[in-house]
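> no sequence for this one, just the structure:
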DNA sequence: TTACCAGATTAGAATTATTCTAATCTAAAT
DNA sequence: ATTTAGATTAGAATAATTCTAATCTGGTAA
């Protein structure tokens, strides 16, 4: 926590109690929470916290490159506190998201046509699958 | 058009004038339209068409595997009438989407940990870049 | 050709995620 | 202690999408 405080303060990030709670919730969290997940968690400690604060903080953290905004779920955004580029796999049954740290960049060579029209700056692979629990549920249904 | 009609009729897809207009609009369209783009286009011919019809039709076409729903834009869904798996590149400036038909599947081997937890069934790569026009705009601003 | 009905269409309301507003508050620099 | 840029808040606004329930119609079969 001490490091968290120092880390953000030195980036000119004003450290309010609400923000600290958000940072603490995100720190090391691999569950890919949504804004609502974060809001619900923070509300337990700061019952008057507002969604605006959550969204503002996430926006700021994203701009600073401290978290990733994941658009793999068509319903809502998820947030990933690991800012190192990596990929994700989403369960088509329950929308659970897993992390994939494999580096495929070497293999992802783009055709010239694209390189000329777009200046590519990054990539993100969405893998799709069925998680173990959802596989079980499917079997039960059959 | 004749083929379109035959193709969908034989899949038990009831062909209403509104649906035909949607199919015609989508056929060969590489602009990755949103539901609103489609609605606006169809409305010119059928002024009473409703968003529900557009969304219902897109949903049905998606379920039948005739179109792809693209979640690359955090604001809204885009639709791609080319159902063959392929990838996309989105301009970070204006959200324009380009198609990428390169096949990377051979290279995208997943770690065992993932294969065991999720049964992978597909993948989709989101590339990010800056399109020519947005590059020009950036230069002008400097 | 007609009657039928499963499924399609419609207007408009509802829902949901996210953003905006404007008043108030506060972290942290001086 | 004072100051102020930036953060917080409640609640309204916006925007995409889904739902509802009444009405309509394409396509099948009598």
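Done, it's in. Please read all numbers here as calculations on a predicted model, not as lab measurements.

> in chain A, where is pLDDT below threshold?
Per-residue confidence for chain A (pLDDT under 70) gives these ranges: A:1-2, A:141-142.

> and the longest helix along it, is it in reach of DNA strand C?
Ranked by residue count under DSSP state H, the longest helix found in chain A is helix A:51-63. Yes: residues of helix A:51-63 contacting DNA strand C under CB under 7 Å from any atom of the strand: A:51-52, A:55, A:59. In this view, the C-beta of every residue, glycine as well, is placed from N, C-alpha and C.

> can you pull out the strands in chain A?
Secondary structure of chain A, counting by DSSP state E: strands at A:68-70, A:78-80, A:87-91, A:97-100, A:118-131.

> could the ones you listed be laid out in a markdown table, adding mean neighbour count and distance to DNA strand C?
Below are those laid out as a markdown table (neighbours: other CB atoms under 10 Å in any protein chain shown; distance: least, CB to the nearest atom of the strand, whole Å):
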| stretch | mean neighbour count | distance to DNA strand C |
| --- | --- | --- |
| strand A:68-70 | 17 | 8 |
| strand A:78-80 | 21 | 8 |
| strand A:87-91 | 22 | 15 |
| strand A:97-100 | 18 | 14 |
| strand A:118-131 | 18 | 16 |
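
> in JSON lines: the ones you listed, plus distance to chain B.
Shown next, in JSON lines, are the strands of chain A (distance: least, CB to the nearest CB, whole Å):
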{"stretch": "strand A:68-70", "distance to chain B": "7"}
{"stretch": "strand A:78-80", "distance to chain B": "11"}
{"stretch": "strand A:87-91", "distance to chain B": "5"}
{"stretch": "strand A:97-100", "distance to chain B": "6"}
{"stretch": "strand A:118-131", "distance to chain B": "3"}
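
> can I get the residues of helix A:51-63 next to DNA strand C in a markdown table with neighbour count and distance to residue A:111?
What follows is the residues of helix A:51-63 next to DNA strand C, written out as a markdown table (neighbours: other CB atoms under 10 Å in any protein chain shown; distance: CB to CB, whole Å):
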| residue | neighbour count | distance to residue A:111 |
| --- | --- | --- |
| A:51 | 12 | 42 |
| A:52 | 8 | 43 |
| A:55 | 14 | 37 |
| A:59 | 12 | 34 |
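
> and the residue lying closest to residue A:38 once chain neighbours are set aside, what does it touch?
Nearest non-adjacent residue to residue A:38, counting by CB to CB, 6 or more residues apart in numbering or on different chains: residue A:54, 5.3 Å away. For residue A:54, the contacting residues are A:22, A:35, A:38-39, A:42, by CB atoms under 8 Å, 6 or more residues apart in numbering or on different chains.

> cool, residue A:64 as well?
Taking CB under 8 Å, 6+ apart as the definition of contact, the neighbours of residue A:64 are A:11, A:13.

> and with 7 Å instead?
Shown in contact with residue A:64 (CB atoms under 7 Å, 6 or more residues apart in numbering or on different chains): residue A:11.

> please apply the same query to residue A:139.
Under the criterion of CB under 7 Å, 6+ apart, residue A:139 has no contact partners.

> next: residue A:19.
Taking CB under 7 Å, 6+ apart as the definition of contact, the neighbours of residue A:19 are residue A:57.

> how about the contacts of residue A:54 in a markdown table, adding distance to residue A:74 and neighbour count?
Conversion of those to a markdown table gives the following (distance: CB to CB, whole Å; neighbours: other CB atoms under 10 Å in any protein chain shown):
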| residue | distance to residue A:74 | neighbour count |
| --- | --- | --- |
| A:22 | 25 | 24 |
| A:35 | 15 | 16 |
| A:38 | 20 | 23 |
| A:39 | 20 | 17 |
| A:42 | 25 | 23 |
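
> alright, calling it a day.
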